[in-house]
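K.L.:
Following is a predicted model, sequence given first.
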Amino acid sequence: MPGDVLVWENGRWGHVALVTAVTSSYVDVIEQNVNGNGKSRLTHARGRIGSRPNGWAPTGWVHAKDNRGAAAVDAGAAGGDGAATGSCGSVDDNGIVVAADRACFALGGTPSHLHAERGQGYAGDLVWTHTTDDSGVDHSATWTLNVARVGTYRVEAFVDADVAAAEQAKDRVRHGGTTSDVVRDQSARGGWRSLGEFAFVSGGDQRGGLGDNTGGYSTPCG
């Protein structure tokens, strides 16, 4: 986002640049000691900034106070208040897959900080943003279930290893009046990842989600 700072480090040398504009394919920056006008355009794809002509790749992305954003989540939708718009039906022994187009899935946060990637993730939809070290959640993904049959269910999350990079992603599962947190490294392995088995009771107060406050400083999640 404009106002952010990109950081490069190469041994005892370093370099910084101020971000002035961001699109899905490039990042415009203002920087010193690079060219005559002090402006550069860097490539940008799936949350990663391309290397400079000298081979240096950015080692950090520092967000301005109001430019904070989450780890990659498997969904394709605009931001909002984080509240589901409807039900995905009842969950029984057959289980359920909550994809991007399900009414029980919702994204929360500033829409401009949530970046959709078509052709990525489960069923070709994925949203990524940036992680923060804040104590509270700024952006989130939440799914809400109506469990018809009381029992223990295995909960899994789909991870696209080509995009996800959060090493301390915290999934939160609400089940049977209890909340369980599961911390996982999204960058370690892609595909379906088990979050564990949880005892669910009947009713609609069963949900899960992922927030952007992973505990690390903001870096590109891609």
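P.N.:
Looks like it came in fine. Numbers count the residues shown, from 1 in each chain.
K.L.:
From now on I want contacts and neighbour counts done on CA atoms only, so please keep to that.
P.N.:
OK.
K.L.:
Does anything pack onto the strand or helix carrying residue 27? Which helices or strands?
P.N.:
Assigned by DSSP states H and E, residue 27 belongs to strand 26-30. Applying 3 or more Cα pairs under 8 Å, 6 or more residues apart in numbering; DSSP states H and E, we find strand 26-30 packed against strand 13-22, strand 39-45.
K.L.:
How is the protein divided into domains?
P.N.:
5-62, 90-211 (automatic domain parsing).
K.L.:
Pick the most buried one from these.
P.N.:
Neighbour counts (mean count of other Cα atoms under 10 Å) averaged over each of those peak at domain 90-211, with a mean of 18.
K.L.:
so how far is that one from its chain's centroid?
P.N.:
Remark: domain 90-211 is offset 10 Å from the chain centroid, using Cα atoms, centre = their mean, to the nearest Å.
K.L.:
Can you give me the end-to-end span of that domain?
P.N.:
End-to-end distance of domain 90-211: 25 Å, with Cα to Cα, to the nearest Å as the criterion.
K.L.:
And stretch 178-194, by the same measure?
P.N.:
Start-to-end, stretch 178-194 (Cα to Cα) is 18 Å.
K.L.:
Could I get the average pLDDT for that stretch?
P.N.:
The average pLDDT for stretch 178-194 rounds to 89.
K.L.:
Quick one: residues in contact with that stretch.
P.N.:
With Cα atoms under 8 Å, 6 or more residues apart in numbering as the test, stretch 178-194 has contacts from 154-162, 164-174, 195.
K.L.:
Just those: which are in strands?
P.N.:
Secondary structure from DSSP state E places 154-159, 169-174, 195 of the contacts of stretch 178-194 in strands.
K.L.:
Give the helix, strand or coil label for residue 112.
P.N.:
State at residue 112, reduced to three classes by DSSP: H, G, I helix; E, B strand; the rest coil: helix.
K.L.:
if I look at it, how far off is residue 127?
P.N.:
11 Å.
K.L.:
what's the answer for residue 161, then?
P.N.:
From residue 161 over to residue 127 the distance is 13 Å, taken as Cα to Cα.
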